[in-house]
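Asker: Return atomic coordinates for the entry below.
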Amino acid sequence: MTTDPTIAQAVVGVVGVVGAGAMGRGIAQIAAQAGIEVRLFDVQENAASHARVAVISQWETMLQKGKLGEAQFAVAQQALHSVTSLHDLAECDIVIEAIVENLDAKRKLFQQLEDIVGLDCILASNTSSLSVTAIAAAAGKPERIAGFHFFNPVPLMKVVEVVAGLLTAPEVVQRLTGLGRLMGHLPVQTKDTPGFIVNHAGRGYVTEALRIVQEAVADFSQIDAILREAAGFRLGPFELMDLTGLDVSHPVMESIYHQYYEEPRYRPSVITAQRLQAGLLGRKSGTGFYRYETAVQDTAPLTEPQASAWGGTVWISNHDPAAAATVRVLLERCGANIELTERPSGQALCLVTPLGEDVSTCVVREQLNPRLSMGIDCLFDCLGRLTLMRNPATDAEYALQLRSLLAKGGRNASLIEDSPGFVVQRVLATIVNIACDMLQQDICTPDDLDAAVELGLAYPLGPLDWGDKLGASRILSILKNMYATTGDPRYRPSLWLARRAQLGLSLKFASGQVKISTLEI
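Answerer: Presented below is the predicted three-dimensional model:
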């Protein structure tokens, strides 16, 4: 992004950045690239000047690759200054702190800055987990303090959360929103709640995957493969935790859970607690959910039992006619001999298509032979990787033969144990439900939520777009059935979701959008 430095200076003025670590350096880089005058300070001697040298080196690399023009490079170098004292920030119009994530340290810094900067200077915190309201509580002018949360690496993660504390003035939020846009990032506005938008909305992905492992439904690699190849996630949840490191991800899980007073939707897992204690942090320790003896992840597939393809007949439950039709087409392409009768013969392999239910429940309801019964996930119309689910009584050999039949037709399938909602259904329903509850709490707008999640978490779709694509009523059915089966309140549907599903509205529909003039009075 190239910005006229004259315009940038007029709109923003001078920006100070306190903290020259990875986050502060990244914030200073994108601000200077936009033509904004930046003064970078760090309490450690020479840290700010070294950070400036590192940023200039990064710009030189970008210049060589054609990602930065000569003129912008010259402007950016002239805009970025390292300073040696907080008093050098006296003329700043906005100061952004990116220091250690400690409440007392941030409060002390802002108290020092209030004695230095002008009365109209905005003080912004890059905090990722602390309450902006709590940071501002010790300040003389708490109304000028807001959150301005970037993600690492700052130049590549093109979203910034603008966080309004309880006392933050509206014009402060608007000025920081404009600054974020000027710096080439998408600014999303959020209330001061635990996790803000991105870290809050991201609770469902890893916590539900951990719950699935804890219930011995599937192992780490199976879940990762299913969510990558069926749902389109860039990384599976366990690959993601290995990349982030459990020393980072597990404390965040616990923090948000406790900040929400043990809300079941955010419940952490004993699995990550134990692995953290054992030092199995992920890539940084060499071993996590996978081994990293070299720079490449050890993803060698597990040796699984093989069997000849099922040669008998297959009967498909018509409890969900649309799903039954999808499975019928799939099996016909694999060369299966399908029974089209109302009830299965005594020798037929029976397939059910649960939505939020387990196979055992379907077997009892439809009075099927449990030894010959299995489930197949149709949430994505059997596209991508398939998921087969057995019940506790399913004959192990029959299950392997069905998987081989699908493989014969060129389709990969994961075989998991009985679970209400398979893997994809459970994870996506949880993600959508948490997003809906965020809207019910009026934390942010629907558009900001989806945009923040897509940019901040690299999900294939925002949670609300995903819910609309799959159907709010289907997501609601999955959650209701999971709640009924397990009794676990983590699956209770959000009222935002339930009401829009009942009324046939988009999950992005906000109350008050219907004009009175369109209604009959």
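Asker: Surely Gly456 touches His149?
Answerer: No: Gly456 lies out of contact with His149 (Cβ atoms under 8 Å); the separation is 9.6 Å. Yep, even glycine has a C-beta here, placed from its N, CA and C like the rest.
Asker: Show me where the stretch 1-150 of the chain dips below the pLDDT cut-off.
Answerer: For the stretch 1-150 of the chain, the stretches with pLDDT under 70 are 1-11.
Asker: give the contact list for Gly462.
Answerer: Ala435, Leu449, Asp450, Ala451, Val453, Glu454 (Cβ atoms under 8 Å, 6 or more residues apart in numbering).
Asker: Who wins on neighbours among the residues you listed?
Answerer: Per-residue neighbour counts (other Cβ atoms under 10 Å) across the contacts of Gly462 peak at Ala435, which has 31 neighbours.
Asker: That one: which element?
Answerer: Element membership of Ala435, judged by DSSP states H and E, is helix 424-440.
Asker: what's the next secondary structure element after that helix?
Answerer: Assigned by DSSP H and E, the successor of helix 424-440 is helix 446-457.
Asker: who touches that next one?
Answerer: So helix 446-457 is contacted by 151, 157-159, 161, 186, 188-190, 197-198, 201-202, 205, 435, 438-439, 443-444, 459, 461-465, 507-510 (Cβ under 8 Å, 6+ apart).
Asker: Surely Asn199 is in contact with Gln259?
Answerer: No: using Cβ under 8 Å, Asn199 is not in contact with Gln259, being 10.9 Å away.
Asker: And these two? Which one has more around it.
Answerer: Asn199 (20 against 15).
Asker: ok, which stretches of this structure are strands?
Answerer: Counting by DSSP state E, the chain has strands at residues 14-18, 37-41, 80-82, 94-97, 122-125, 145-149, 159-164, 186-191, 313-316, 337-339, 349-352, 373-376, 386-390, 413-416.
Asker: Touching the last one from outside, list them.
Answerer: Counting by Cβ under 8 Å, 6+ apart, the neighbours of strand 413-416 from elsewhere in the structure are 217-218, 222, 225-226, 304, 385-390, 399-400, 403, 406-407, 422-423.
Asker: Please repeat the previous calculation with a cut-off of 10 Å.
Answerer: The contact list for strand 413-416 (Cβ atoms under 10 Å, 6 or more residues apart in numbering) reads 212, 216-219, 221-223, 225-226, 229-230, 304-305, 374-377, 382, 385-390, 394, 396, 399-400, 402-407, 422-423.
Asker: what's the straight distance from one end of stretch 334-341 to the other?
Answerer: Taking Cα to Cα, to the nearest Å as the measure, stretch 334-341 stretches 20 Å from start to finish.
Asker: Can you give me the buried ones in that stretch?
Answerer: Cys334, Ala336, Glu339 (16 or more other Cβ atoms under 10 Å).
Asker: Touching, Leu156 and Gly26? I think so.
Answerer: Yes: when contacts are counted by Cβ atoms under 10 Å, Leu156 is listed as touching Gly26 (8.8 Å).
Asker: what residues are shared contacts of Asn199 and Gln259?
Answerer: Ser129.
Asker: List the contacts of Glu143.
Answerer: Ala136, Gly165, Leu166, Leu167, Thr168, Ala169, Pro170, Glu171, Val172.
Asker: Leaving out chain neighbours, which residue sits closest to the third one?
Answerer: Looking back up the chat, that one is Leu166. Thr133 (4.6 Å; Cβ to Cβ, 6 or more residues apart in numbering).
Asker: how many other residues sit next to that neighbour?
Answerer: 19.
Asker: contacting residues around it?
Answerer: Taking Cβ under 10 Å, 6+ apart, one finds Pro142, Ile145, Gly147, Val163, Ala164, Gly165, Leu166, Leu167, Thr168, Lys191, Asp192, Thr193 in contact with Thr133.
Asker: Recalculate using a threshold of 7 Å.
Answerer: Gly165, Leu166, Leu167, Asp192 (Cβ atoms under 7 Å, 6 or more residues apart in numbering).
Asker: and the two most separated of these?
Answerer: With Cβ to Cβ as the measure, no two of these lie farther apart than Leu167 and Asp192, at 9.7 Å.
Asker: roughly how far apart are the closest residue to Val252 other than its chain neighbours and Ser269?
Answerer: Nearest non-adjacent residue to Val252, counting by Cβ to Cβ, 6+ apart: Asn199, 6.3 Å away. According to Cβ to Cβ, to the nearest Å, Asn199 and Ser269 sit 17 Å apart.
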